[in-house]
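# Could you look at this predicted model? Sequence included:
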Amino acid sequence: MSSTSETTNPQMDAVQAAPAPMVSGIIIFLNGETYIEEAIQSVLAQTLTDWELILVDDGSTDGATAIARKYAEDYPGKIIYTEHPGHQNCGMSASRNAGLRLARGKYISFLDADDIWLPERLSHHVEILEAHPDVVMSMGPTLLWSSWSNPKEAARRPWMAADIPTELGLPVMTPFEPPIVAIGFLEKHGGNVPGICSLMVRREELLALGGFEDSFRTLYEDQVFFFKIGLNCRIIATDRILDYYRQHPGSACHQAGGMSGDAKMRPVFLEWLQDYLIDNGFKSRRLWKAFRGEMLRFDRPGLWRMQNIPSDIVDQFNVRTRRAVIFLLTPRFYTWLRRKLRLSVVDVTNVR
């Protein structure tokens, strides 16, 4: 973890002298004045009140800085504002590490500035980890939240604004020994990885693993973190969706190029992972087989595509079918069909 220092508000001495909270929440932000207040309010609405919230400013140039500073002033000792020296932009990993260095809680949870937690988010994960002292991280599925933006459009064209719950594909409330979960991430080519806002981790163990890697400024900073935990620590999963991952064109993922940016960064991440596996002496045959299978996609893309022709055909069929359905269905018929099939849309009316 980088040793880059950061400046804090004048009340930091008093904060450090106060009793340590159960949970340290960390929100990093680069601009995002439109959403950050809603994210902070979702933390204030938590049923578990024994928390501190650290707001890490990664060089914002809009009104997000003023909003964060105001919350820190209004909730002294509870909400802490910090920034990098000279109000620099240092990237997502460095910003999460800055929050980690200030955190005092037994547990750490991350929330991005454009997402929200539901009120029982912290209490549920604390309950899990308190009941399983040998488990380092708990994680849950995430709601890909599209209906937030335009209720009228969501009602008129629900297939364009559907909220999609992700699936981890793991048995719930079953502790997994390392590196089983990490192997599963690799075998599914990065699929089923939980959102960074959907987990809770023990602070001391995360610090012992070195936190985040500052060289990953945007994409894959979360997967570096997941693999450090998944390769070394016990993990447990819950099936409760307690955080909403906002879908919008201004998100960090979209700004970094979306799917194309992800494709460019995947081999960079895998190179880092290979070095990490070697440097730390991992010998699991299944782990290395899964890793080599994923690297084949980039080392020998033609061979990889040939091996995956059946799944590619299925994926193309699913995409084309979905587009045909969107094109052909009228809103009235779409609604009738969902009711007939007894399909429900995730209720987001009680988000706030």
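Thanks, I have the structure now.
# State the distance from the residue nearest to residue 213 when sequence neighbours are not counted to residue 120.
Closest residue in space to residue 213, ignoring its immediate chain neighbours: residue 224 at 4.9 Å, by CB to CB, 6 or more residues apart in numbering. Where you see a C-beta, it was placed from the backbone N, CA and C, and this is true even at glycine. The spacing between residue 224 and residue 120, counted by CB to CB, to the nearest Å, is 29 Å.
# could you say which helix or strand contains the nearest residue to residue 55 once chain neighbours are set aside?
Spatial nearest neighbour of residue 55, excluding adjacent residues (CB to CB, 6+ apart): residue 68 at 4.3 Å. Using DSSP states H and E, residue 68 maps to helix 64-74.
# Just the CA coordinates for that helix, please, in PDB.
Provided in PDB are the C-alpha atoms of helix 64-74 (Å, rounded to 0.1, in the frame of the first residue of the first chain):
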ATOM      1  CA  ALA A  64     -18.700  17.500  -4.700                       C
ATOM      2  CA  THR A  65     -15.800  18.900  -2.600                       C
ATOM      3  CA  ALA A  66     -18.000  21.500  -0.900                       C
ATOM      4  CA  ILE A  67     -20.700  18.900  -0.300                       C
ATOM      5  CA  ALA A  68     -18.300  16.500   1.400                       C
ATOM      6  CA  ARG A  69     -16.700  19.200   3.500                       C
ATOM      7  CA  LYS A  70     -20.100  20.400   4.700                       C
ATOM      8  CA  TYR A  71     -21.100  16.900   5.800                       C
ATOM      9  CA  ALA A  72     -17.800  16.600   7.700                       C
ATOM     10  CA  GLU A  73     -18.500  19.900   9.400                       C
ATOM     11  CA  ASP A  74     -22.100  18.900  10.300                       C
END
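# how big is the angle separating the helix or strand following that helix from helix 64-74?
With elements assigned by DSSP H and E, the helix or strand that comes after helix 64-74 is strand 79-83. Calculated by axes from the mean of the first three to the mean of the last three CA atoms, to 10 degrees, strand 79-83 forms an angle of 140 degrees with helix 64-74.
# After strand 79-83, which helix or strand is next?
helix 92-102.
# other SSEs contacting that next one?
strand 23-29, strand 51-57, strand 79-83, helix 203-208, helix 221-232 (3 or more CB pairs under 8 Å, 6 or more residues apart in numbering; DSSP states H and E).
# Including mean neighbour count, could those go into TSV?
Converted to TSV, the helices and strands packed on helix 92-102 look like this (neighbours: other CB atoms under 10 Å):
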stretch	mean neighbour count
strand 23-29	26
strand 51-57	25
strand 79-83	24
helix 203-208	16
helix 221-232	22
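# Which among these is found nearest to residue 134?
Between residue 134 and those, the tightest spacing by CB to CB is seen for helix 203-208, at 11.0 Å.
# Report the distance from that closest one to the chain centre.
Here the centre of helix 203-208 is set off from its chain's centre by 18 Å, with CA atoms, centre = their mean, to the nearest Å.
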